[in-house]
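1. turn this into a model:
(chains A and B)
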Amino acid sequence: MRKSFLTIACLYGMMLVSAFYWQLCSDIDSHPANPRYYLVFQRERGTIFDRQGRPLAYSSAGEQGYRRTYAAPSLSHVVGYFHERYGVTGLEQLFHAELSAGRSVFTTLDLDLQKKAEELLGGSTGALVAVRPASGEILALVSQPCLDGNALEENWAAYLADVRSPFLNRVTHGLYPPGSVVKTIVLAAAAVEEAAELEDKWDDGGTLDLVGGTVRNFRGRAHGEISLAQALAVSSNVVFGQLAGELGEKLLSYFRLFGLGQPVGCELSNQAGLVPESIASPYHAAQLGIGQGELLVTPLQMAQVACALANRGVLMRPYLVQEVRGGWRLRQITRPQIVGQAVPAWVAELVKAAMTLTAREGTARVERAADLDYAGKTGTAQLGSAPDHAWFIGFAPTDAPQIAVAVVVEHGGTGAHAAAPIGVELMLHAVQMSE
Amino acid sequence: MGLLYRTWFGLTGWLLAAVLCLFVVQGQVVWWQPAALWTLFAVLWFVTRTLGADPGALPVAAALVFCGWLFLTRLDPAFAHSHSWGVLLGGLLYLFGLLVPVTGWPLTRLWGGAALALLAVTALWGEASGGARAWLTVHGVRFQPVELAKVFFVLYLGKSLSRKRPSWEPVLFLGGFCLLLAWQRDLGPAVLMFLVFCWLLLQQSFSWYKLLACTAAALVGFYGSVRLFTHVENRVLAWLKPWEYLESKGYQVVQGLFALRAGGLVGQGLGQSLVHVIPQAHTDYLLAVVGEEFGFLGVCALLICYFGLAFWALRIADGLAGEEQVIALGLTLLQHLQVFLVVGGMLRLVPFTGLTLPLVSYGSTSIGSQLWMLGLLAGLSRRGGQG
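-> Numbers count the residues shown, from 1 in each chain, chains lettered A, B, ... in the order given. Model prediction:
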């Protein structure tokens, strides 16, 4: 009887141990055959709000459980989407645990501005990002083409077939040569390194012969005797090629100080871009100084640069999520975070003045925004045979910047024609809205 | 011990009164079912104690039956309704087992013959349900004769295995029993009976030859049934590699495991599980629902209750001798090997056999015979002087 008892005890022990294993140690929760795994797509979920409390993504009850609705198609690259078949992306993915527990996510986005940015970029392929310089809050983030989170089923085949790859978030993952917008960094670096007397006049003959090659102005135009600020305003390749040549490898450290070559550290994953390790020749330096060569940046990085110039040289970490709230747990609040002082304040002010001149008289001048006091810089990244990428970075108003933008229009032509109007119009809208 | 029982009944009585008040206030119509269950077990307890038998099984059995009632109500109140009648019937069978002595009857082969006759009748005139022809309808009452036949057979084994002179007769009876069940395509009880028989045989007098013979018979039976019956082969495949047959053979096993895993430590809470994806949740797979809603702790509690019953029953068997001891041990094994086959089948320790979880699962015949077995054990405890 004792043996029988022990054997029965063993059997119960085996049952307990295997129940322990299957209930607490096994790894079958997210097995595709587990219907519980898909239930989350039918449950109610926390709302994602914009900075004024307007919902960007919310759950509404339908016949087959809850369904997610998005306020604008362009949000697919920021807020992401949440779909039973196509998965979870963006903030929906990053804050999945919180959202599925019913907590709300309050973002720094402004729905008005986001919609305006989407409208301005329109059908062209490109990226637009607006950031608040003092804090790094991302106000709008649009990458075109985008996915419509409300109509994924209908359009999925078309998205897959689209050669412009709508799945790519061009703001965070698009890698572009910066073109002339990088001249703002060269000017700042030259001012800090005292590479040139700031009051000096430069002679721009239209071409610059260096060991290894010749740098030419856009369309070979000669600008004559100009100051550094004017050189920025007309985007003189000759002057900035020379400046970069004199700075040499020091230029690379300024690129890094402005955050290039490393991820910006916002919530969404983002590309580091590419800053070369060394400079081989003055011609190589000149190429980098005018934003050609192997230098690669994301629009978000250039927006961060614009912010630093607007923000007296202080580089802020861009961020998207202000607060996570709801449920029984404490609120999570994001504080603005300083990455570092890229350049001294006076240098930033000097570049700002030159960019203001560019906006008033130079390439970044936009007729429709005559009464907006803004600073800007255009860029035209040349790609050899393909049409150029158009760039614009800027901020407004100049005395107390509220918004900084970076715009890329792929194969759009010159920055002055394709990108600057979009960026300036968005800044105008933002400034008018806040008034 | 007596104080402990009184405390247990007092506590559950108060708790039940509170629950009933809640039911009545909320207008729930099922309030009489838990009330009847509790009253039944309280009455059985007093009767058992008055007769000088050991009432120790009743609080634990009540907990298990109550758990079963709760989950059946949660699945479908109609199940719980008809199950309640099954429990009341089981109460009568418990009293029958307690009061009517089953040992010392003159005709040795009576019980064995009755068991075989029941199965033969079922095999001839039975109704099929879920693949096995295991149901019999007599005067509009539908029941599973095999549940009674199992008990009859153990009663027969008690006589024949306790005899001094060994014979081949019980082996022949077992062969007939298993073949009749195979004819009905209902192999779960056959496996259970075979295991009980082997255990009792080895318990009486152990020898390596017997063990070898049992193992050989098991292997031959296993191989033969796998080759003969596709549903047995499917069950074995579902046991060995359920992940390869997610949508077909392995569906029930895999869904049961998902449910258990979803329960985690403390469970999702009553009524929060995804029961509609588990086939036969109210009979075969009730424990998966318990595991999902009450978690590992709930499963532990259930297994501890069963183990308590085993402890109680073996304590009685220990005080007995001869035929009575064989019967007591046989009934205990019948109950707890069935628990092992069901729970182990769900947890992939053994192939799933499709038996019901004793005292918990839906099924009037099943719960009736389980309570009858407890009654028989309690009746035997009067003779052992352990009460």
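2. for chain B, what is the nearest residue in the stretch 151-300 of chain A?
-> Residue of the stretch 151-300 of chain A nearest chain B, by C-beta to the nearest C-beta: residue A:153 (24.0 Å). All C-beta spots, glycine's among them, are computed from the backbone N, C-alpha and C.
3. convert the C-alpha atoms of stretch B:47-59 to CSV, please.
-> The C-alpha trace of stretch B:47-59 is given here as CSV (Å, rounded to 0.1, in the frame of the first residue of the first chain):
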residue,chain,number,x,y,z
VAL,B,47,-25.3,10.1,7.3
THR,B,48,-21.8,8.8,6.7
ARG,B,49,-20.6,10.0,10.2
THR,B,50,-23.7,8.6,11.9
LEU,B,51,-23.1,5.2,10.4
GLY,B,52,-19.6,5.3,11.7
ALA,B,53,-18.0,5.5,8.3
ASP,B,54,-15.2,7.9,7.3
PRO,B,55,-16.8,11.0,5.8
GLY,B,56,-13.4,12.5,4.9
ALA,B,57,-13.9,12.3,1.2
LEU,B,58,-17.0,14.4,1.1
PRO,B,59,-15.7,17.9,1.7
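4. what's the biggest strand in chain B, counting residues?
-> The residue-count maximum for a strand in chain B (DSSP state E) belongs to strand B:132-138.
5. who's in contact with stretch B:115-129?
-> By C-beta atoms under 8 Å, 6 or more residues apart in numbering or on different chains, the residues outside stretch B:115-129 that reach it are B:133-137, B:142, B:145-146, B:148-150, B:152-153, B:156, B:173, B:176-177, B:180-181, B:183-184.
6. hey, where'd the helices end up in the stretch 1-150 of chain B?
-> Ranges of helices in the stretch 1-150 of chain B, per DSSP state H, counting those that start in this stretch, are B:2-26, B:32-50, B:57-75, B:77-99, B:110-125, B:145-161.
7. report the buried residues of the shortest one.
-> Okay, so that is helix B:110-125. B:111-112, B:114-116, B:118-120, B:122-123 (16 or more other C-beta atoms under 10 Å in any protein chain shown).
8. just the buried ones among the contacts of stretch B:115-129, please.
-> Buried, going by 16+ other C-beta under 10 Å: B:133-136, B:145-146, B:148-150, B:152-153, B:156, B:173, B:176-177, B:180-181, B:184, out of the contacts of stretch B:115-129.
9. can you tell me which of the helices of the stretch 1-150 of chain B is packed in deepest?
-> Neighbour counts (mean count of other C-beta atoms under 10 Å in any protein chain shown) averaged over each of these peak at helix B:145-161, with a mean of 24.
10. would that one count as contacting chain A?
-> No. Under the criterion of C-beta under 8 Å from any C-beta of the partner chain, helix B:145-161 makes no contact with chain A; the nearest approach is 14.1 Å.
11. format the CA atom coordinates belonging to that helix as CSV.
-> Coordinates of each C-alpha in helix B:145-161 appear next as CSV, following Å, rounded to 0.1, in the frame of the first residue of the first chain:
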residue,chain,number,x,y,z
PRO,B,145,-22.9,1.7,-19.2
VAL,B,146,-19.1,1.6,-19.3
GLU,B,147,-18.9,3.9,-16.2
LEU,B,148,-20.9,1.3,-14.2
ALA,B,149,-19.1,-1.7,-15.9
LYS,B,150,-15.7,-0.3,-14.6
VAL,B,151,-16.9,-0.5,-11.0
PHE,B,152,-18.5,-3.9,-11.5
PHE,B,153,-15.2,-5.2,-12.9
VAL,B,154,-13.2,-3.9,-9.9
LEU,B,155,-15.7,-5.6,-7.6
TYR,B,156,-15.2,-8.8,-9.6
LEU,B,157,-11.4,-8.4,-9.4
GLY,B,158,-11.6,-8.0,-5.7
LYS,B,159,-12.9,-11.5,-5.4
SER,B,160,-10.9,-13.2,-8.1
LEU,B,161,-7.5,-11.6,-7.4
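12. between strand B:132-138 and the very next helix or strand once past it, find me the angle.
-> Stepping forward along the backbone from helix B:145-161, the first helix or strand reached (DSSP states H and E) is helix B:169-183. Interaxial angle of helix B:169-183 relative to strand B:132-138 (axes from the mean of the first three to the mean of the last three C-alpha atoms, to 10 degrees): 100 degrees.
13. hmm, who's touching helix B:169-183?
-> With C-beta under 8 Å, 6+ apart, helix B:169-183 has contacts from B:109, B:112, B:115-116, B:119-120, B:122-123, B:146, B:149, B:153, B:156-157, B:160-161, B:187, B:189-190, B:193-194, B:197, B:221, B:225, B:228-229.
14. by contact count, what packs against the following helix or strand past that helix?
-> Counting by DSSP H and E, the element after helix B:169-183 in chain order, helix or strand, is helix B:187-204. If contacts are counted by 3 or more C-beta pairs under 8 Å, 6 or more residues apart in numbering or on different chains; DSSP states H and E, helix B:187-204 sits against helix A:2-20, helix B:145-161, helix B:169-183, helix B:208-228, helix B:322-346.
15. next up, the contacts around the nearest residue in space to residue A:243 that is not next to it in sequence.
-> Spatial nearest neighbour of residue A:243, excluding adjacent residues (C-beta to C-beta, 6 or more residues apart in numbering or on different chains): residue A:190 at 4.7 Å. Applying C-beta under 8 Å, 6+ apart, we find residue A:190 in contact with A:196, A:228, A:243, A:246-247.
16. if we go to 10 Å?
-> Under the criterion of C-beta atoms under 10 Å, 6 or more residues apart in numbering or on different chains, the neighbours of residue A:190 are A:183, A:196, A:198, A:228, A:239-240, A:242-244, A:246-247, A:250-251, A:254, A:289, A:347, A:350-351.
17. whatever helix or strand it lives in: what's the following helix or strand?
-> Using DSSP H and E, residue A:190 falls within helix A:183-193. Toward the C-terminal end, the helix or strand that comes next after helix A:183-193 (DSSP H and E) is strand A:202-204.
18. quick one: mean pLDDT over that following strand.
-> For strand A:202-204, the mean per-residue pLDDT is 86.
19. and it, what does it pack onto?
-> Using 3 or more C-beta pairs under 10 Å, 6 or more residues apart in numbering or on different chains; DSSP states H and E as the contact test, the elements touching strand A:202-204 are strand A:224-226, helix A:228-234, helix A:237-247.
20. that one pairs with which strands, and in what direction?
-> Next to strand A:202-204 in the sheet, as set by DSSP bridges, lie strand A:224-226 (antiparallel).
21. what separation do you get for the closest residue to chain B within the stretch 201-350 of chain A and residue B:114?
-> Nearest residue of the stretch 201-350 of chain A to chain B (C-beta to the nearest C-beta) works out as residue A:328 at 16.6 Å. Distance of residue A:328 to residue B:114, given as C-beta to C-beta, to the nearest Å: 62 Å.
22. look up the closest residue to whichever residue of the stretch 51-200 of chain B sits closest to chain A, ignoring the ones flanking it.
-> Nearest residue of the stretch 51-200 of chain B to chain A: residue B:199, at 7.3 Å (C-beta to the nearest C-beta). Excluding the flanking residues, the one nearest residue B:199 by C-beta to C-beta, 6+ apart is residue B:333, at 5.5 Å.
23. tell me, how many neighbours does that neighbour end up with?
-> Residue B:333 has 27 neighbouring residues, counting by other C-beta atoms under 10 Å in any protein chain shown.
24. okay, it: pLDDT?
-> So, for residue B:333, pLDDT stands at 96.
25. so it touches residue B:201, yeah?
-> No. At 11.6 Å, residue B:333 and residue B:201 do not qualify as touching, with contact defined as C-beta atoms under 10 Å.
26. one step back: pretty sure the residue of the stretch 201-350 of chain A closest to chain B sits in a strand.
-> No. Under DSSP: H, G, I helix; E, B strand; the rest coil, residue A:328 sits outside any strand and is assigned coil.
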